[in-house]
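>>> Mind looking at a prediction? Sequence and model below.
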Number of protein chains: 2
Amino acid sequence: MHLSSVLYALSDPVRLSIVSELNKLGERTCGGIDVSVVKSTKSHHVRTMREAGVVHVRVQGTQRLLSLRKHDLEERFPGLLHAILQAYEGTEGQKVSE
Amino acid sequence: MHLSSVLYALSDPVRLSIVSELNKLGERTCGGIDVSVVKSTKSHHVRTMREAGVVHVRVQGTQRLLSLRKHDLEERFPGLLHAILQAYEGTEGQKVSE
DNA sequence: AGATAAGTTCGATTGTTATCGAACATTAGA
DNA sequence: TCTAATGTTCGATAACAATCGAACTTATCT
């Protein structure tokens, strides 16, 4: 789990919006997350975040349940996720619409 | 000054190391910063950070003095820079050596 | 004026990424 | 066993980024 990979994973507006949604609503299926890209693209973003260690994916039937790895992130990079979410929700919390 | 641009600017190991050096040693000339890339590449990284709002560049004669925009960053994204520097210095503070 | 020093800009290369649609895999339900 | 739902993977494309060396600019020094 590298700092630069985590920052990179969080530096994309689509991914930031996914992370924010996971933070606010908790575990969610891939399809339950509303972003303005087709599913293959969404899948790509999820993979990026999973590989960076930002989200955890749990398989259940045909769906994948995503969750934010808050605890792991906090342990490794204290305060980082909180600061980013705070910044996102405070200043750019508008939807990534189209 | 956008969150994703700032995160992107800080997601590169070379740039992270520059930021960390500026944080520890204060204002520095471009040439005074020790990273393992040629000066044109360094110039590129500095531009990226300047455009993202992470550093300020002050011209003095033939040199450019770089400084971290701590105050502005703190105002806009409270706690963010601190968390990142903490994470960097704590866990990946080794030099970007070649 | 000429030389040196400090950066920037340019051109090229190489690699990476975001995006889409189409095809595929897997599981659940009728 | 079909069919539908949920994702993943693949191929293609277009844009972007990191890197280098060479040429350029600007300012200082002799």
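Perfect, thanks for sending it.
>>> Residue most distant from the centroid, chain A?
In chain A, the residue that sits farthest from the middle, by Cα atoms, centre = their mean, is A:G61; the gap is 21.5 Å.
>>> ok, that one to A:T29 distance?
As for A:G61, its distance to A:T29 is 10 Å (criterion: Cβ to Cβ, to the nearest Å). Where you see a C-beta, it was placed from the backbone N, CA and C, and this is true even at glycine.
>>> now swap in A:V6 and tell me
In this structure, A:V6 and A:T29 are 23 Å apart, going by Cβ to Cβ.
>>> my read: A:H45 touches A:S17, true?
No: the pair formed by A:H45 and A:S17 falls short of the contact definition of Cβ atoms under 8 Å, at 9.7 Å.
>>> list residues touching both of these two?
Shared contacts of A:H45 and A:S17, defined by Cβ atoms under 8 Å, 6 or more residues apart in numbering or on different chains, are found at A:V35.
>>> what does chain A have sitting close to chain B?
Contact residues of chain A with respect to chain B, defined by Cβ under 8 Å from any Cβ of the partner chain, are listed as A:2-5, A:7-8, A:10-13, A:16, A:76-80, A:82-84, A:86-88, A:91-92.
>>> Let's see which of these end up in helices.
When DSSP state H defines the helices, the subset of these inside them is A:3-5, A:7-8, A:13, A:16, A:76, A:80, A:82-84, A:86-88, A:91.
>>> Restricting to these, which residues neighbour DNA strand C?
Filtering these for neighbours of DNA strand C using Cβ under 7 Å from any atom of the strand leaves A:Y8.
>>> Who wins on neighbours among the ones in helices among the residues of chain A next to chain B?
If you count neighbours using other Cβ atoms under 10 Å in any protein chain shown, the busiest of these is A:I84, which has 28 neighbours.
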